[in-house]
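Chemist: Predicted coordinates and the sequence they were generated for:
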Amino acid sequence: MSATYYAHPTAIIDEGAQIGAGSKIWHFCHLMPGAVIGGSCSLGQNVFVANKVRLGRNVKVQNNVSLYEGVICEDDVFIGPSAVFTNVINPRSGVERKHEYRPTILRKGVSIGANATIVCGVTLGTYAFVGAASVVTKDVAPYALVVGNPARQIGWMSAHGDRLEFDKQGKAVCGESGVEYSLRDGVVESGR
């Protein structure tokens, strides 16, 4: 155990993995040598983090998630329990495709619900929200709420996690934070 982060005794942290201050690595996790974990992150039980995976600050990864090579998470990302990530579009046991790994980018503040599947090669925009058990096969716009299989946009979410209801002028206010948002030409912007 390091003085700057906590790792449960059952966690396997390969030499070369980088872990930021204040992070917590729980039971039965495995971090490969090229994994980079930012500060104040939490990796729940049975999380696997492959080489070249990058997690920003304050990323929360719940139990039973495998983050394969190509996954990049910016700050404040939440990944629900048993969410699934892929890194090859057409895997075959008998065909080597490591040179075909596609990046999956989760921008700042993204939330992914339990049991969702994120197919490789997509970008989830800032504060996008993926509903539980959804299957994401294409890029998701910032602040978009997507659900289903395949995931389809059904609305917008605030950075605080509240559903946004836009008026005819394209204005909405987050009920919890009071922050104002505008929707213009399919793009949401925060008034901060």
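Modeler: Done, it's in.

Chemist: count of neighbours near R97?
Modeler: A count of nearby residues for R97, using other C-beta atoms under 10 Å, gives 12. In short, each C-beta sits where N, CA and C put it, glycine included.

Chemist: nope, E189 is what I meant
Modeler: Residue crowding around E189 was assessed by other C-beta under 10 Å; the count is 13.

Chemist: That one should be in a strand, yeah?
Modeler: Yes: looking at E189 with DSSP: H, G, I helix; E, B strand; the rest coil, it is inside a strand.

Chemist: Who are the contact partners of it?
Modeler: E189 sits next to 181-182 when contact means C-beta atoms under 8 Å, 6 or more residues apart in numbering.

Chemist: Check R152 too.
Modeler: If a contact means C-beta under 8 Å, 6+ apart, then R152 has V146 as its contacts.

Chemist: Tell me what it is bridged to.
Modeler: In this entry, R152 is beta-bridged to V147, by DSSP bridges.

Chemist: gap between it and K138?
Modeler: For R152, the distance to K138 equals 10 Å [C-beta to C-beta, to the nearest Å].

Chemist: From G170, how far off is E69?
Modeler: For E69, the distance to G170 - C-beta to C-beta - is 40 Å.

Chemist: quick one, which of the two is more surrounded?
Modeler: The neighbour count for E69 versus G170, taken as other C-beta under 10 Å, is higher for E69 (20 against 14).

Chemist: residues in contact with H30?
Modeler: Applying C-beta under 8 Å, 6+ apart, the residues contacting H30 are 11-14, 47-49.

Chemist: Kindly recompute the last result at 6 Å.
Modeler: Residues counted as contacts of H30 (C-beta atoms under 6 Å, 6 or more residues apart in numbering) are 12, 48.

Chemist: for the one 10 residues further on, same thing?
Modeler: The contact partners of S40, taken as C-beta under 6 Å, 6+ apart, are 22, 57-58.

Chemist: and if we set it to 7 Å?
Modeler: By C-beta atoms under 7 Å, 6 or more residues apart in numbering, the residues touching S40 are 20, 22-23, 57-58.
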